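> Attaching a predicted model along with its sequence, questions to come.
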2 protein chains.
Amino acid sequence: MSRSLARYLPILDWGRTYNPGALSNDLIAALIVTIMLIPQSLAYALLAGLPPEMGLYASIAPIMLYAIFGTSRALAVGPVAVVSLMTAAAIGNVAEAGTAGYIAAAITLAALSGGILLLMGVFRLGFLANFLSHPVIAGFITASGVLIATSQLKHILGVDAGGHTLIHLVESLWHHLPDTNLMTLVLGVTATAFLFWVRKGLKPLLLGFGLSKRMADIGTKAGPVAAVVVTTAVVWLFGLDAQGVKIVGAVPQSLPPLTMPDLSVDLVKALFIPALLISIIGFVESISVAQTLAAKKRQRIDPDQELIGLGVANIGAAFTGGYPVTGGFSRSVVNFDAGAETPAAGAYTAVGLAIAALALTPLIFFLPKATLAATIIVAVLSLVDFGILKRTWTYSKADFLAVLATILLTLGLGVEVGVSAGVIISIFLHLYTSSKPHVAEVGLVVGTQHFRNIKRHKVMTFPTLLTLRIDESLYFANARYLEDYIYDRVIGDKPLTDVVIMCSAVNEVDMSALESLEAINARLKDMNIRLHLSEVKGPVMDRLQRSHFLDELTGDVFLSQYDAHHQLGAQAT
Amino acid sequence: MSRSLARYLPILDWGRTYNPGALSNDLIAALIVTIMLIPQSLAYALLAGLPPEMGLYASIAPIMLYAIFGTSRALAVGPVAVVSLMTAAAIGNVAEAGTAGYIAAAITLAALSGGILLLMGVFRLGFLANFLSHPVIAGFITASGVLIATSQLKHILGVDAGGHTLIHLVESLWHHLPDTNLMTLVLGVTATAFLFWVRKGLKPLLLGFGLSKRMADIGTKAGPVAAVVVTTAVVWLFGLDAQGVKIVGAVPQSLPPLTMPDLSVDLVKALFIPALLISIIGFVESISVAQTLAAKKRQRIDPDQELIGLGVANIGAAFTGGYPVTGGFSRSVVNFDAGAETPAAGAYTAVGLAIAALALTPLIFFLPKATLAATIIVAVLSLVDFGILKRTWTYSKADFLAVLATILLTLGLGVEVGVSAGVIISIFLHLYTSSKPHVAEVGLVVGTQHFRNIKRHKVMTFPTLLTLRIDESLYFANARYLEDYIYDRVIGDKPLTDVVIMCSAVNEVDMSALESLEAINARLKDMNIRLHLSEVKGPVMDRLQRSHFLDELTGDVFLSQYDAHHQLGAQAT
């Protein structure tokens, strides 16, 4: 009973052995993550087109709820770049950015996404995420990174521009280019350059100062905080906001508010598919991070329980003024590197962020949006990896096609079309490949009991006997192919009296394939040709015996191909 | 050049050797099929909610065009029951039955369906039809048969009723039951009973009279014509139309008119998906019939060319006042049994039907609609086969689920939902099954070089060595499963130092699976466990060598599992 409860509440598992050592490690990690999360949360809310405080709110309740229900000990849940972009695309379809409807839609999206994740977890549907192939995800993330970086350029230029596809974004930017605010541009470019330098150049410097590798890593993560502090101070000191530099402005000083998601039928209908896509993408991103970190400590991640954890976290976001969240890569890695031992670190981070939301928001009044945009641009460009195109091209043309289509469609038609197309193309290419299985005509290698492809080996055959080895399980997608293949091969082959299908590589014969075998049997019978099977695996044979196929079969089922060859060959001569 | 032309115009192939013997056989077959088709064409038009003459028109141009472009020598193309039902469902959504818009929509549907089939043929996409599993088709046809028979009861009762789902149909019939016209009911029930008797009892009788089996078969097919003649005469003689018996009435005496399909954007948008479904269902039905008949004479059917033939036939229907057509089962079998040798028989049938449309339509003025409904009911009930539920239940629970869902959804929500759901469920179940492949932990059968499942056989293993045999190709749907499986197995197994993946049954490793292998390798490395592969197939190895995986692999690739066991075991002891 308590064991099964612990399955759904992993906190009961690690909570039992919580000790002062773990507490102090968790507290230190929480402090570091909190410092990093403040600018990041504000920035991602900006990316989603939402008020900055929603980014903070989305980091507080979710992170605590995940600590209770999640299985990863290091995962940090909150707003992330790709999900923020998808949120912007989804709610941009139902409301105008900046309106109350837009915020309400974001909250509803979090509730739907949470509900979907929770249901998937309860019904153990985590495997659904497997239908997103890795290259499709890589292509999608790359294209999303490009979209996100482009979408933030407007803040660097200080203009109003928009759009959810690359073409629209670029057109809109080009159109508004003359409105560029020079002060904003200087600030934005400087912040971006600084953050790039922090990424590339600061760590060697810190190491040179004698810091440990771990502290140097963490130091570089504080770069955005430095950028925020300095640019905010500059704007405030020189009154740049009066010169057109857009600032964050007044942010309510409050704990996350209690919000009720609007679950009216029309809104749910409009947001359901986007919520589903966000759930799946978010889950895939989160589980990869969680597994990578868990493996380093030989810890176990339960994918179905992760769905429950993320589901509850999103529902929590919906009721506390947040928007869709998931496990983020960079924050989780920082959490892990900073020494977090249990999910309690997440709870302490939440407390830190709550304090920030209550006390620190007045300090960011003068924070320029250009700085947040710079943070986002630098963060997402590390996600962009067009190398996936080259790697898939070398490795597999089918995967290459899927990636290329995903990238082009995401850039050209937006995130929702892109990721849906990626899934469909992956499944389609897989079915297409397995719908034309490799079929080899085989003969006996003389002096052995082995049968090999007649095209590659010198083998013995009989003119009256055709033996086909099928290198794939038989199911509906390739059942008809097999029919066609056999008819094509048999028609016009006058001396033929016996066909043997060698089933050594057939792990399954579904109902469609069974009916195809029946059709092949019946049609060969019309041509006065007998059909035989050889080397049928046990489970497949069990099933065939439950059908009428074996009664109708004109030929025999041979235990070994050698028996078939021997016996049928003897009849022929 | 002429050879490749003959690929697209099979008529050039058989036309070259056409001779008087074939001519006379074709003419006889055409006469028999024409007699059978007249009532059938009228009845199916009624089923689609269209004027009866459209059934005739849909049988004339399409049959001639198929004769030129099709590869089957016996297939008879025209309106069929299931496609007529799907047509009614599709165009019922865009226009009111009996209006000009309804007829225009039917013509557009034929044009779209023809275009889709033609494009599929040109791009050789015939394999798409394979994604419809056999049991799903069987379930769909069964449910459609029930829907069709129920929809025709209104004509037997002589009431106005409608609906596209079983519940709506039954409700509507129940609601209108008090309006039943007694005369119509007597005629309808008598005709239905007669036609059932013709099916079951007439053949033995004709055989008893000394007719050949073939003639007896054909004689029973003339039953509907007898019913038409007798009931028409009865209505005319007794003036039953004045007593409320609904009759076909005035049918224009004309050759098929030239019609232009309305391809306005809104109509095309509304009808595209139904047209796609009709195309696929029609193609699947047609190709099964064509292949069955061709096999009996060792003739060859080219599925892609069949798509072109059916595509042109449907476009022909669209331009000559018809509606979607396909190769019909009963008419093709009659054509074949009656001795048709070439597609020319189809052309002669078309001439016969054209004469009927020109000259015979006044004769069917008094034909009661109840008789046509009886024809349909008797024809479709032979399609109904709930036995598929039992057969799939015995054979495979996954297939059973797919059939059950298809039947219930078709009956409950209509043909379009039913068949779409069937396709999706089939694909989903297949992916689900292969997403959890069989993985066996194996050990050495002492005294041999064979490796067997440790659960089933007494085998030798080492505590430091784990060997896993995977019985499935590795691709995106099962890549993550493999990761999870290995982590679950490895975590907590302290003595473990080496994991071998035995790849003898792995026919493919796609990019996702490659990345999973890389992740497994990296994470096992974090746990100080080496990863090895054994018995990798040639093509898989070729691919792996084009990636960086083999450079990063912590262990080795062993040619045989025995080598791996031997070498890694020796290190351990």
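Sure thing, it's come through. Numbering: from 1, shown residues only, chains lettered A, B, ... in the order given.
> Please list all residues in contact with the residue lying closest to A:Arg489 once chain neighbours are set aside.
Leaving aside its chain neighbours, A:Arg489 sits nearest to A:Leu466 (6.8 Å; criterion: C-beta to C-beta, 6 or more residues apart in numbering or on different chains). C-beta: built from backbone N, CA, C; applies to glycine. For A:Leu466, the contact set (C-beta atoms under 8 Å, 6 or more residues apart in numbering or on different chains) comprises A:441, A:489-490, A:493, A:496, A:498-500.
> wait, is A:Leu466 part of a strand?
Yes: assigned with DSSP: H, G, I helix; E, B strand; the rest coil, A:Leu466 falls within a strand.
> Name whatever forms a beta bridge with it.
A:Val499 (DSSP bridges).
> Around chain B, which positions in the stretch 151-300 of chain A sit nearby?
Proximity of the stretch 151-300 of chain A to chain B, by C-beta under 8 Å from any C-beta of the partner chain, involves residues A:291-292, A:294-296, A:298-300.
> one more time with 7 Å, if that's ok
A:291, A:295-296, A:298, A:300 (C-beta under 7 Å from any C-beta of the partner chain).
> ok, for the residue nearest the centre of chain A, nearest residue in space, not its chain neighbours?
Against the mean C-alpha coordinate of chain A, by C-alpha atoms, centre = their mean, the closest residue is A:Val284 at 3.5 Å. In space, and not counting its chain neighbours, A:Val284 is closest to A:Ala129: 5.0 Å by C-beta to C-beta, 6+ apart.
> picking that back up, out of the residues of the stretch 151-300 of chain A next to chain B, who's nearest chain B?
Of all those, A:Ala295 has the smallest distance to chain B: 3.3 Å, by C-beta to the nearest C-beta.
> tell me the contacts of the closest one?
B:487, B:523, B:526-527 (C-beta atoms under 7 Å, 6 or more residues apart in numbering or on different chains).
> cool, A:Leu533 as well?
By C-beta under 7 Å, 6+ apart, the contact set of A:Leu533 is A:501, A:503, A:557.
> sorry, back to before: among the contacts of A:Ala295, which are in reach of chain A?
B:487, B:523, B:526-527.
> Buried subset of those residues as a ChimeraX selection?
Here is the ChimeraX selection string for the buried members of the ones next to chain A among the contacts of A:Ala295, based on 16 or more other C-beta atoms under 10 Å in any protein chain shown:
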select /B:487,523,527
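> Can you lay out the ones next to chain A among the contacts of A:Ala295 as a markdown table showing pLDDT and secondary structure?
Below are the ones next to chain A among the contacts of A:Ala295 laid out as a markdown table (pLDDT from 0 to 100; DSSP: H, G, I helix; E, B strand; the rest coil):
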| residue | pLDDT | secondary structure |
| --- | --- | --- |
| B:Tyr487 | 86 | helix |
| B:Arg523 | 87 | helix |
| B:Asp526 | 87 | helix |
| B:Met527 | 88 | coil |
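> and the ones next to chain A among the contacts of A:Ala295, which two are the farthest apart?
B:Tyr487 and B:Asp526 (11.0 Å; C-beta to C-beta).
> thinking again about what came up before, so for the residue nearest to the centre of chain A, what pLDDT did the model give?
Predicted confidence (pLDDT) for A:Val284: 86.
> All set, thanks.
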